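**Student:** Sequence and predicted model, in that order:
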Amino acid sequence: GFEGESALGKEVRKGESDEQVMAAVAEDRVEDLTRFLDGGGDPNKFFTVAVSDGSIACVKLMLLRGVKVNRLDEHGMTPLMVAAKYAYRGGKDMVEFLLSQGADVNAYSKKGSTALMFASFFEDSDDENLYAEIVQMLIAKGAMVNVKNQLGATPLNIAQQGNSLKIVAILKKAGAKF
């Protein structure tokens, strides 16, 4: 090893476990991720983790190493959808970053949902302002407000299910219908 190398860094170099790489990505430790990738690791493998945890430096590196910004993950979601859904973990900065990298604001998941649909629903009322900002950001980037998923739900239906008066108001102002 080299002076100051962390125990994790040594592990990553000599054949790291998935859990160790996942921890490095979740904590945005780009040096450890670089060693994993330089050792032949697949940059696609932990991309969803990096996005959902708001690890922008790791996401940048993975994009530079060939990950596609609009790729579908194992759940049929694009990175922008993941960032919108898990904004309570990763913040709005990840959404902004992915949009700046050319993420398709109107891409569909395997179940016909869009990033706007994921941003229109949140679990914790403490997160309402964060999700409202993301909804506004997606609309400003051209998100379609009247699309329906495979269940026939629109972003407005989804916001109503989540009891978000603020997001309902934003969507209606943008021309959303039921």
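**Tutor:** Nice, thanks for sending it over. Note that this is a predicted model, so its numbers are computed, not measured.

**Student:** Please parse the chain into its domains.
**Tutor:** Taking automatic domain parsing as the criterion, the chain consists of the domains 1-67, 90-178.

**Student:** what distance separates the longest one from the middle of the whole chain?
**Tutor:** What it means is domain 90-178. 13 Å (C-alpha atoms, centre = their mean, to the nearest Å).

**Student:** one step back: residue 76 is nearest to which of the domains of the chain?
**Tutor:** Checking the domains of the chain against residue 76 by C-beta to C-beta gives domain 90-178 as the closest, at 2.7 Å. In this view, the C-beta of every residue, glycine as well, is placed from N, C-alpha and C.

**Student:** what distance separates the start and the end of the closest one?
**Tutor:** Its first and final residues considered, domain 90-178 spans 29 Å by C-alpha to C-alpha, to the nearest Å.

**Student:** switch to numbering from 58
**Tutor:** Taking 58 as the first residue, the last one we looked at is domain 147-235.

**Student:** Tell me which residues touch the spatially most central residue of the chain, please.
**Tutor:** Among the residues of the chain, the one closest to the centroid is residue 140, at 2.0 Å (C-alpha atoms, centre = their mean). Applying C-beta atoms under 8 Å, 6 or more residues apart in numbering to residue 140 gives the contacts 108, 109, 111, 147, 151, 152, 155, 172.

**Student:** circling back to that earlier point, the domains of the chain: lowest mean pLDDT?
**Tutor:** If you rank the domains of the chain by mean pLDDT, domain 58-124 sits at the bottom with a mean of 84.
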